[in-house]
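J.: using only what follows, build the 3D model:
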Amino acid sequence: MAGGNPLSMSRAIAVDLGTANTLIFVKGQGLVLNEPTMVAVDNRSGLVVAVGHEAKRMRGRTPKNLRLVRPVKDGVIVDFDLCEHMFKQFLQRVLTSRWGKPTLLVVVPSELTGIERRAFKDAAEFAGARRPVEVIEKTIAAAIGLGLPLYEPSANLVVVIGGGTTEVAVISLGGIVTENSVRIGGDEFNNIIVAGFKRIFKLDIGENTAEEVKIHLGSAWPLTEEIVGDVGGRDVATGLPRTQEVTTEQIREILDDGVNKIIDAIKKTLERTPPELASDVISNGMHIVGGSALLAGLQERITHETGIQAFIPAEPLLSVIVGAGYSLDNLGAIKGSSPQGEE
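T.: Numbering: from 1, shown residues only. Coordinates of the predicted model:
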């Protein structure tokens with residue numbers, strides 16, 4: 001009887017532990033959690049006060065005794081203990097059964113070192129996952145989530161623009177042929193906006209404000225109808241609150257260097273692609289996913305700059321986690337394709 005074996009009651013779970021957001025997919029249920037990868041810590045006791053959305057709501061408003069920590073930076077775990085604590089809390093939220101440890105598949109950037117990959121596995125195991133924890137590369141998961149013909153002898157170009165990094169990969173016959181990664185994503189766009197406001201408008205703004213500017217006024221290509229908005233902050237010279245009127249054209253110019261870094265990463269990947277596969281990419285186009293793919297006009301800008309048609313799905317943030325979730329049915333193949341030296 002299956003109910004008599006605790007292991008038979010364990011759940012299969014896919015986790016995308018990203019720089020900006022953590023998403024969890026439970027087999028048989030689908031996406032069950034989408035929370036910021038953020039932890040609030042009490043400086044006096046060292047105890048975790050909040051994680052996820054609750055922690056993010058404190059950003060820019062924390063008293064001196066609290067600090068906000070992002071345990072994953074540029075796709076790499078930088079604070080293992082806090083990452084483990086956050087991971088455990090997220091798992092506890094989505095697991096309804098106490099029987100058996102869950103089987104976990106964790107999404108990782110493709111260019112991590114063996115040690116960096118091992119950190120993701122260890123964090124999952126210490127958080128309560130069954131050993132061994134398997135990993136899947138982010139661009140491969142994205143291709144699966146998009147429903148691309150992954151195992152055919154034809155190339156597909158996938159671009160994942162996350163919170164901390166942008167990953168570009170040409171995929172054929174189930175594997176990555178050539179790839180490139182740059183440390184540019186949603187977080188860096190926010191930082192660029194903060195720096196741009198200080199330099200151009202002499203106005204200090206916070207991360208939350210920068211993110212709102214990026215979402216509502218940010219773009220990578222001229223818009224059909226340009227927008228004017230008011231942004232509040234602190235005057236650099238006087239230290240007093242002030243409102244600045246800005247246009248989408250001005251924000252587009254501020255973001256231009258960051259967008260160019262993404263385009264350069266795509267071009268460098270294409271330059272290293274074998275001629276036969278390059279022909280496939282021209283025919284098939286490129287597929288752009290990740291939360292930062294939502295930047296207005298990015299599809300048009302990349303198509304214009306590379307000469308290759310870019311496609312962005314309706315929900316680009318979900319492509320990676322959905323692909324990882326679909327892969328839960330084929331963990332044996334994933335284990336067999338993992339690089340050596342990770343166990």
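
J.: so where's the stretch 51-200 of the chain shaky on pLDDT?
T.: 97-99 (pLDDT under 70).

J.: how about the strands of it, start to end?
T.: 66-69, 72-73, 76-77, 103-108, 134-137, 156-161, 166-172, 175-182 (DSSP state E, counting those that start in this stretch).

J.: quick one: the longest one to chain centroid distance?
T.: Here the centre of strand 175-182 is set off from its chain's centre by 16 Å, with CA atoms, centre = their mean, to the nearest Å.

J.: one more: the fifth one?
T.: On the basis of CA atoms, centre = their mean, strand 134-137 sits 15 Å off its chain's mean C-alpha point.

J.: so which elements touch it?
T.: strand 103-108, helix 114-126, helix 331-337 (3 or more CB pairs under 8 Å, 6 or more residues apart in numbering; DSSP states H and E). For glycine as for every other residue, the C-beta is placed from the backbone atoms N, C-alpha and C.

J.: can you list the buried residues in stretch 21-33?
T.: Within stretch 21-33, the residues that count as buried by 16 or more other CB atoms under 10 Å are 21, 22, 23, 24, 25, 26, 27, 31, 33.

J.: outside of that stretch, which residues touch it?
T.: The contact list for stretch 21-33, computed with CB atoms under 8 Å, 6 or more residues apart in numbering, reads 11-16, 34-37, 52, 86-87, 90-91, 93-94, 163, 291, 317-318, 320-322, 324-325, 328-329.

J.: go on, stretch 189-200?
T.: If you take CB under 8 Å, 6+ apart as the criterion, stretch 189-200 is touched by 203-207, 210-211, 213-214, 218, 231, 233, 236, 244, 250-251, 254-255, 257-258, 292, 295.

J.: the same query, at a cut-off of 10 Å, please.
T.: Residues outside stretch 189-200 that contact it (CB atoms under 10 Å, 6 or more residues apart in numbering) are 20, 161, 163, 184, 203-214, 217-218, 231, 233, 236, 244, 246, 250-251, 253-259, 262, 292, 295.

J.: closest one to residue 116 among the strands of the stretch 51-200 of the chain?
T.: For residue 116, the closest of the strands of the stretch 51-200 of the chain is strand 76-77, at 5.3 Å, according to CB to CB.

J.: who's in contact with that closest one?
T.: Outside strand 76-77, the residues touching it (CB under 10 Å, 6+ apart) are 17, 19, 71, 83-84, 87, 108-109, 112-113, 115-120, 122-123, 164-165.

J.: about what we covered before: tell me which of the contacts of stretch 21-33 fall in strands.
T.: 12, 13, 14, 15, 16, 34, 35, 36 (DSSP state E).

J.: thought the first one was touching residue 325?
T.: Yes - under the contact definition of CB atoms under 10 Å, residue 12 touches residue 325, with a separation of 9.0 Å.

J.: can you get me a residue count around residue 325?
T.: By other CB atoms under 10 Å, the residues close to residue 325 number 28.

J.: for it, what are its contacts?
T.: By CB under 10 Å, 6+ apart, the contact set of residue 325 is 12-16, 23-31, 105, 141, 144-145, 318.

J.: circling back: only whichever of the contacts of stretch 21-33 are buried, select them in PyMOL.
T.: Selection command for PyMOL covering only the buried members of the contacts of stretch 21-33, criterion 16+ other CB under 10 Å:
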select buried, resi 11+12+13+14+15+16+35+36+37+52+86+87+90+91+94+163+291+317+318+320+321+322+324+325+328
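
J.: can you tell me which residues contact the residue lying closest to residue 48 once chain neighbours are set aside?
T.: Nearest residue to residue 48, sequence neighbours excluded (CB to CB, 6 or more residues apart in numbering): residue 85, at 5.2 Å. Neighbouring residues of residue 85 by CB under 10 Å, 6+ apart: 39, 41, 47, 48, 51, 71, 79, 123, 126, 127.

J.: among the buried residues of stretch 21-33, which two are most distant?
T.: Farthest pair in those, by CB to CB: 21 and 27, 20.4 Å.

J.: what does the domain assignment say about the chain?
T.: For the chain, automatic domain parsing gives the domain ranges 2-36+74-140+321-337, 147-312.
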